[in-house]
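In: output the structure for:
(one chain, ligands or ions: 1)
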Amino acid sequence: MATPRPAPFTPKRPLSTVSQETPSISRFPSQIRAQTPLQANPPAKKIKASVTSESRTRTTAKLKPAPAPGSPKKTGIGSRPPTPGKPDSRPGTPRTPTRSTVDSASFNPDFDPEEGLVDFQNVDVDLSGEFDEDTIPVANYGAEDKVLVSIRVRPSEQSSAWAIDNVHKVLKLKEQHAKTSASAAHEFRFDEVLTGSENKPVYNATAKSHVHAAMDGYNAVIFAYGQTASGKTFTLTGDETQPGIIPRAMKDVFTHIRRTPTREYLLRCSYLEIYNEQIHDLLSASGQPVQLQGIGDNVIISPLREEVVTSLKGVRAVMERGEGNRRTASTDWNERSSRSHSVFRLVIESRDRGSSDRDASPVRPPTPGGPLLHAKEGRSVTTSVLSLIDLAGSEKATSDKDRTREGKYINTSLLTLGTVIGTLAENATKSSKSKADHVPFRNSKLTRMLQPSLSGNARISVICTLNPDSSAIAESTSTLLFAQRVKRVQLNALKKEVVDTDALIERYRKEIEDLKRRLAEREKDGPVLNRRLSAREQIDESRAKNDMSSRIHQLSKLILTSQTVDEDKGDESRPASPSKLNFDYTPYQLQQELLASKRLVETQANQILSLEAALASRPLLPVDASESEKDKLIEEQKCTIDDLQRAIDGFEAHLGEPLRQTREDVEKEWSQRLDEEKRLREEKEHWANELVRELEKEKRNRRKLEQENKALADFVSNADSLGLSRQSSSLQTRIPMANRSNNVLQDSRKRSLSLGTVMENSPLKISNKIKDEPSLLEQTPEEAWEEVADISFGHEKSWASRDQGEQVDKENMPIVA
Ligand SMILES: Nc1ncnc2c1ncn2[C@@H]1O[C@H](COP(=O)(O)OP(=O)(O)OP(=O)(O)O)[C@@H](O)[C@H]1O
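Out: As a prediction, the model looks like this:
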């Protein structure tokens, strides 16, 4: 049996406050609308149906009776007024690119990056009448370790089912309803219990201290939770007469800057939504799904467009653009129900402006629990993120198929949020961390995105919105139980700061200054230079200047975008180039972007090189290292030296030994050869001396023989001349002469024998020719005699013929003779 559908809460608003033509800015004050450039050209955005816009009630507005249960007014998307530039705004359909008209960092060569830095002098606070001008509260958020949980009960035309005690911050179900409800006995107590349509007290009680915590360097999360049509969007965004938490928070941010002359700030904002478990960047026209990367509590949202904002007006414009891209639809309970969880993020970077300013300025007291911001040279950079989350409302099944499907996703993620909060609350009560239960953060995109904050690294404020009607008691009780669980979650948020004074922001600032100086020089020389340049060169020069401007612009954006990550890197987290490509740019602008990116890569490559060089040349120990550190280093180096020595010894033992052996063997062999050669030489010298001596002796003997031969010849000739008997005398003469010659030959033979012995043993080589010639020593006495006779009587002739006919080696001459 179909249960009667609860009456939708659609309080009406007087038509005069909102016009049909400008529905997109229905949530902002009319005076703001007048200032924004969107007025002339309203941005493409999905809006609540005019009926819904009108239905927003003022504080004192009387709520009109709701349509009869069971017959909800289904306006539907198709029945909404046409939205300029957005023909089909159906949930889930691709969104038409929207162009930023904000004074956030748009692509403009004349953009001065210094303008991106906001301080107390140049901040545009744009104080409006409806905003609170209270002094900044210095809340004790530093000591806070619990989630700030508040209940906001929406006004209702019906009588409330709940007894509300604002003073004691207690809610209790009324008697008449308690009988049938499970929460009958429950009395719910929270940090704040708020009623009415005034958003200012809600902001002051639930968000203000967290906004200032974010400005002071803490991550802060403020989110609204509750059933559909209970007032989450109204609380966070509000309308033109009742700005919600987000516009008030933004206004407070700029007020804070104006009141803090000691620091300078850089603000970036992004806007995304989780629709059917897919994350979409509400500021990017690319339609590219956003991914969650990182490990554990380190969650990177990428690619995500972040826009530098320098004024409240700029923030509003960015918000409007994002709002326009949000998926909303009419449901049975809400004419413009949020069909997604939306997250508005503001990244706040700040740094000290220097000691002189600090001394002169009124200084806020240091934040309790947080580290001091002042680094060595007082230029540390503090980064924090303020997240403002409007959750989709939990709901029962609707009559629309698409809404039912969306509702399933919404309910699943809210259920996961509940489970995560429940587990965290349970874990907070456990004494040891090892007993802690696994927290299923990854079960939904919402909880995964909130993991760092829910794990404790953020100040959290939860505003649970209630529909006080009796028909919603079950949902309200569920919401209150969720709120109770959240209250038990333990927090431990710390400031996030870059203590290193060489932070990126500083380095890029230097580069920006350098580029600006160079650009100014070119501008100065421009007129003179242009006269000398051809038309083509002038265009090139102009392009170069544009490149420089783009580069300045790009760098100024880079300073602010350390959150993005290279997709290809997977889970590895590192600062990377931001994904800020705007497809609304003209081709020329895209080219400029490309050029600027290329140059950035080059610069970063150079920076890497110089860092590597610095790393390589850095001393092993700092100058002010302690003695123990030095001793330790010496000890380590000694160990290294010992190791090296051992290695050298090992080398000697295993490789040096064979080499030495070889060398010794070679040396020995050559030394033996040398000795042998020396010995042979000595022997030769010795025999040469012997030969010389023998030769001399032979010469003497020869001379003696010649003398004897001559004397004999003289004697014979004298005897012949005396006429002695020729026969007898010749015979007689011959005999003694023969005897005598024999004697001489015998002597010669002896001498030759001794010389022959010498020659035989001599190492000197004797010519074969001489060897073959018959020696006197080997001749018979008769032959010798003939020879002698021949010598006696024809020696002159004999020697002459020898000279002519025979080639006798002179060396052998004495021997033969
Ligand atoms: N405190 C309030 N005072 C006056 N009007 C309110 C209040 N809370 C909610 N409303 C009105 O109730 C209607 C539904 O509120 P709202 O859209 O904020 O609900 P929601 O919780 O965001 O719903 P959903 O989850 O479906 O998006 C709106 O028209 C809104 O103006």
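
In: got the buried residues for stretch 517-532?
Out: By neighbour count on 16 or more other C-beta atoms under 10 Å, the buried set for stretch 517-532 is Leu519. C-beta coordinates here come from the backbone N, C-alpha and C atoms, glycine included.

In: can you show me the CA trace of it as CSV?
Out: C-alpha atoms of stretch 517-532 as CSV (Å, rounded to 0.1, in the frame of the first residue of the first chain):
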residue,chain,number,x,y,z
ARG,A,517,62.2,44.1,-14.9
ARG,A,518,63.1,42.7,-18.3
LEU,A,519,59.7,43.5,-19.6
ALA,A,520,60.0,47.0,-18.4
GLU,A,521,63.4,47.4,-20.1
ARG,A,522,61.9,46.2,-23.3
GLU,A,523,59.0,48.5,-23.0
LYS,A,524,61.4,51.4,-22.3
ASP,A,525,63.5,50.6,-25.4
GLY,A,526,60.4,49.8,-27.4
PRO,A,527,60.0,53.1,-29.3
VAL,A,528,63.6,53.3,-30.3
LEU,A,529,63.8,49.7,-31.2
ASN,A,530,60.7,49.7,-33.2
ARG,A,531,62.1,52.3,-35.6
ARG,A,532,64.9,50.0,-36.4
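
In: what residues does it touch?
Out: Stretch 517-532 has contacts (C-beta atoms under 8 Å, 6 or more residues apart in numbering) with 538, 541, 544-545, 548-549, 552.

In: secondary structure element holding Gly456?
Out: For Gly456, there is no enclosing helix or strand under DSSP states H and E.

In: which residue sits closest to it, ignoring its sequence neighbours?
Out: Asn492 (4.4 Å; C-beta to C-beta, 6 or more residues apart in numbering).

In: same check on Glu192?
Out: Leaving aside its sequence neighbours, Glu192 sits nearest to Ser150 (C-beta to C-beta, 6+ apart; 3.7 Å).

In: may I have the secondary structure class of the one you found?
Out: Counting by DSSP: H, G, I helix; E, B strand; the rest coil, the backbone at Ser150 sits in strand.

In: distance of it relative to the ligand?
Out: 13 Å (C-beta to the nearest ligand atom, to the nearest Å).

In: then Tyr203?
Out: Distance of Tyr203 to the ligand, computed by C-beta to the nearest ligand atom: 13 Å.

In: repeat for Ala392
Out: Distance check for Ala392 against the ligand: by C-beta to the nearest ligand atom, it reads 6 Å.

In: then Lys172?
Out: Taking C-beta to the nearest ligand atom as the measure, Lys172 falls 20 Å from the ligand.

In: shouldn't that residue be within a strand?
Out: Yes - assigned with three-state DSSP, Lys172 falls within a strand.

In: ok, now which ones touch it?
Out: Contacts of Lys172 (C-beta under 8 Å, 6+ apart): 162-163, 165, 186-188.

In: in the chain, spot the helix with the most residues.
Out: Secondary structure of the chain per DSSP state H: the longest helix is helix 657-722.

In: pLDDT on that helix, on average?
Out: The pLDDT scores in helix 657-722 average 90.

In: and the pLDDT at whatever residue of the stretch 201-350 of the chain ends up closest to the ligand?
Out: Using C-beta to the nearest ligand atom, the closest approach of the stretch 201-350 of the chain to the ligand is made by Gly231 at 2.6 Å. With respect to pLDDT, Gly231 scores 91.

In: what sits against it?
Out: Neighbouring residues of Gly231 by C-beta under 8 Å, 6+ apart: 152, 154, 465, 467.

In: and with 6 Å instead?
Out: By C-beta atoms under 6 Å, 6 or more residues apart in numbering, the residues touching Gly231 are 154, 465.

In: now Arg152
Out: Listed by C-beta under 6 Å, 6+ apart, the contact set of Arg152 reads 194, 235, 463, 465.

In: out of the residues you listed, which sit inside helices?
Out: Per DSSP H, the subset of the contacts of Arg152 in helices is Thr235.

In: among the contacts of Arg152, which lie within strands?
Out: Residues of those located in strands (DSSP state E): 194, 463, 465.

In: would CSV of the contacts of stretch 517-532 with neighbour count, secondary structure and pLDDT be doable?
Out: Output for the contacts of stretch 517-532, formatted as CSV (neighbours: other C-beta atoms under 10 Å; DSSP: H, G, I helix; E, B strand; the rest coil; pLDDT from 0 to 100):
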residue, neighbour count, secondary structure, pLDDT
Gln538, 15, helix, 78
Glu541, 16, helix, 80
Ala544, 13, helix, 83
Lys545, 16, helix, 83
Met548, 18, helix, 83
Ser549, 22, helix, 83
Ile552, 25, helix, 79
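
In: need the pLDDT of Asp119.
Out: The score at Asp119 is 54. That number is its pLDDT.

In: measure Leu388 to the ligand for me?
Out: 13 Å.

In: which residues does the residue nearest to Glu192 bridge with?
Out: Counting by DSSP bridges, Ser150 is bridged to Glu192, Ile463.

In: quick one, what contacts it?
Out: Applying C-beta under 6 Å, 6+ apart, one finds that Ser150 lies in contact with 191-192, 206, 463.

In: need the residues of the stretch 401-550 of the chain near the ligand, please.
Out: Contact residues, the stretch 401-550 of the chain versus the ligand (C-beta under 6 Å from any ligand atom): Thr465.

In: returning to that earlier point: which other helices and strands does the longest helix of the chain contact?
Out: Packing partners of helix 657-722 (3 or more C-beta pairs under 6 Å, 6 or more residues apart in numbering; DSSP states H and E): helix 726-761.

In: how's the protein carved up into domains?
Out: According to automatic domain parsing, the chain comprises the domains 23-41+99-414+455-498, 504-617, 647-816.
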